[in-house]
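S.K.: Coordinates only, no sequence provided:
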């Protein structure tokens, strides 16, 4: 292992330059300052360029992993190491890793952080987004990013799996989002609606969270498709931005699932080929057992009702399993007994608890579809869907 004796060594100079957001953005690299953070980076498959280890320690559990991965390691004095670190905390190593280049926004839901100042809030929001499978984050402002030590710690390393895009001004970010087909949702106290009553369009969505003190920039408010707020009682009129983001992202994710449900169900793989449908249904049933007492056919009933909004028991049974009506009617009755469906005269409708369950079920359905299409590129998925649609159209005509 090479021993570094000078603070002017190129690896030391590079590592110290990554203490600032400017340095990290310029080189597209990150300084990792603890063994735990390095472990998170390795689990995220982040490319580690090199590791600098204090010569005061003879063994660290992670060194074997680094050597097995052929990651360059060097030793240096604790004094030089302390000059690299960004604070007075115990650590016997630092590492430098290369960040993934920013991707073009293409996910259904992305997060934009407008001039946030506290790295802890940034990390908390990234961690919440990761829990909801939201990986693309836009940063507006020159002095903040996802990769300070405080942000890394607050995110519990989930920032290493995030895709970060930087924008100098709101105007630049707005132009990018509009060109990419996003509707813009802004959290605001003025002239805003509850998210639950906001009519979302069935398109990609960007949600904007503003500065801890000043809130969201006026440019965002002027260009917003929807202004939303979190309902609060009493004299309190605001929440910590990390808390507000957690509430808003969870509710928005659930609402988007329901909003997109009609087109997603109609175009899902499980309704196109009978053999694939059978295998998907078995996989889906296995997932459902951990969530609710209903099976995949009852879940499909709820999905059909989400599209049709109203139906009769007989019609719903025919839509789901036309050759075994009595068995299907019994399963629909069970949904009524569990209050996921309710009678409205001679028809049935989905209850609020049914809609809530349906949002959770759809997340499971997406997991199963992802497993079925594992290894497919986006282009292959698109071609497959095109072929399946052509088969359906040919049979209909």
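M.R.: Nice, thanks for sending it over. A quick note: this is a predicted structure, and the numbers were derived from the prediction, not measured.
S.K.: quick one, strands of the stretch 251-397 of the chain?
M.R.: Remark: strands assigned in the stretch 251-397 of the chain by DSSP state E, counting those that start in this stretch are 341-344, 347-350.
S.K.: Which among the ones you listed is found nearest to residue 248?
M.R.: strand 347-350 (24.2 Å; Cβ to Cβ). Using the backbone N, CA and C atoms, a C-beta is placed for each residue, glycine as well.
S.K.: Which positions in that closest one come out as buried?
M.R.: Buried residues in strand 347-350, counting neighbours by 16 or more other Cβ atoms under 10 Å, are found at 348, 350.
S.K.: Check which helices and strands it sits against.
M.R.: helix 296-308, strand 341-344 (3 or more Cβ pairs under 8 Å, 6 or more residues apart in numbering; DSSP states H and E).
S.K.: that older thread, out of the strands of the stretch 251-397 of the chain, flag the one nearest residue 131.
M.R.: strand 347-350 (26.3 Å).
S.K.: Next, count neighbours for residue 367.
M.R.: Number of residues near residue 367 (other Cβ atoms under 10 Å) recorded here: 14.
S.K.: Quick check: it touching residue 287?
M.R.: Yes - the pair residue 367 / residue 287 is scored as a contact, 6.6 Å apart, by Cβ atoms under 8 Å.
S.K.: okay, the helices and strands packed on strand 347-350, which one's buried deepest?
M.R.: helix 296-308 (a mean of 21; mean count of other Cβ atoms under 10 Å).
S.K.: what bits of the protein have low per-residue confidence?
M.R.: Low-confidence segments of the chain, defined by pLDDT under 70: 102-103, 190-193, 195-197, 231-240, 257-277, 396-397.
S.K.: 50 instead, please
M.R.: Per-residue confidence for the chain (pLDDT under 50) gives these ranges: 269-271.
S.K.: circling back: nearest to residue 17, of the strands of the stretch 251-397 of the chain?
M.R.: strand 347-350 (56.3 Å).
S.K.: hmm, who's touching that closest one?
M.R.: 302, 305-306, 309-313, 316, 332, 336, 340-342, 358 (Cβ atoms under 8 Å, 6 or more residues apart in numbering).
S.K.: If we only consider the residues you listed, which is nearest to residue 119?
M.R.: residue 358 (37.2 Å).
S.K.: re earlier: between the strands of the stretch 251-397 of the chain, which gets nearest to residue 81?
M.R.: Nearest of these (Cβ to Cβ): strand 347-350, 59.7 Å.
S.K.: just how off-centre is that closest one within its chain?
M.R.: Relative to its chain's centre, strand 347-350 lies at 33 Å (Cα atoms, centre = their mean, to the nearest Å).
S.K.: Residue 127: helix or strand, and which one exactly?
M.R.: Take DSSP states H and E as the rule and residue 127 turns out to sit in helix 119-131.
S.K.: Show me what counts as buried in that helix.
M.R.: 119, 120, 121, 122, 123, 124, 125, 126, 127, 128, 129, 130.
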